[in-house]
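Asker: Sequence plus predicted model, see below.
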Amino acid sequence: MQTYSPSIRLYVNFPLKKGANITLKDKQAHYLFNVMRLKIGRKFLVFNGIDGEFEAEIINKLKDKIKCKLTRKTREQPEEPRLNLIFSLVKKDRVFNIIEKCTELGVSNFQPIISERTQNKNFRLERFQLNAVEASEQTNRLTIPRINKVQKLSEVIEDWNKNDTIIFCNENGGKPIVDILNNISKPLSILIGPEGGFSKKELEYFVNFDFIKSVSLGPRILRADTAAIASVTCYQSFVGDWSDSNE
């Protein structure tokens, strides 16, 4: 009888090793027993972003706690390429879209910023970090991207490592993104503006920094969340982990 449930993956925030016992509580325990209807003896997957992925078997249930044993290691922890996404805050549902979809696409670090045309300055870091965890669980990813606190655009640029390139998606024009990606070294960061794009003052500000490159995403003006998804997709397709050239 098949007792393995590979589609169920949970992120846990404690060390993992074969043979260890772990205890899941509260929401995770509720999810396994009441939502997924798993019984004692059923197996699922757990990961912590550090030690790889493990098969866990449910061995006991006590009230709102589930005790499990890690029966075997299913995957080693990979060395993940660094890909940063710097994005201006937009409406909450569009921020959610950026975090969810770009986590699925492999972004390792999110840096939300406030620029001149930013309208929505509310950012619930804990809520969006949970969104990233859920996206990693669902997409077979073994890492959880970092989501940084909101900063002003100028603060991020002034403190930037000048050896790391930033490409900013410029609705006013620039070299095709593919041309830039094929002639640039990693690590790489992508910069997305707010609704209405970057201001004239900000565009003139970018010119002062050699590590900031302007790129075009084509003839259409894209919404901020669409631009984020499109640019990360281009990156993964041509020089990232979708490409044969990825090392």
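Answerer: All right, it came through fine.

Asker: what about the nearest residue to I157 once chain neighbours are set aside, how many neighbours?
Answerer: Nearest non-adjacent residue to I157, counting by C-beta to C-beta, 6 or more residues apart in numbering: F209, 6.6 Å away. To be clear about C-beta, it is placed using only N, CA and C from the backbone, and glycine gets the same treatment. Applying other C-beta atoms under 10 Å, we find 13 residues neighbouring F209.

Asker: now swap in G41 and tell me
Answerer: When counting by other C-beta under 10 Å, one arrives at 10 neighbours for G41.

Asker: ranges for the strands of the protein?
Answerer: 4-11, 21-25, 43-47, 53-62, 65-75, 83-88, 109-114, 146-147, 151-152, 165-169, 175-176, 188-192, 212-216 (DSSP state E).

Asker: ok so, going back, would you enumerate the residues in contact with the residue nearest to I157?
Answerer: Going by C-beta atoms under 8 Å, 6 or more residues apart in numbering, F209 touches 157, 160, 162, 166.

Asker: residues contacting the last one?
Answerer: Looking back up the chat, that one is I166. Per C-beta under 8 Å, 6+ apart, neighbours of I166: 86, 160, 188-191, 209, 211-213.

Asker: Can you check what pLDDT the model gives it?
Answerer: Here, the pLDDT recorded for I166 equals 95.

Asker: now the one 10 residues further on
Answerer: Model confidence at P176, expressed as pLDDT, equals 85.

Asker: Surely N172 and G197 touch.
Answerer: Yes: using C-beta atoms under 8 Å, N172 is in contact with G197, at 7.2 Å.

Asker: These two - which one has more neighbours?
Answerer: The neighbour comparison of N172 against G197 (other C-beta under 10 Å) goes to G197, with 20 against 11.

Asker: Now do the most centrally placed residue in the chain against R37, distance only.
Answerer: By C-alpha atoms, centre = their mean, the mean C-alpha position of the chain lies nearest to T103, the distance being 2.8 Å. Between T103 and R37 the computed distance is 27 Å (C-beta to C-beta, to the nearest Å).
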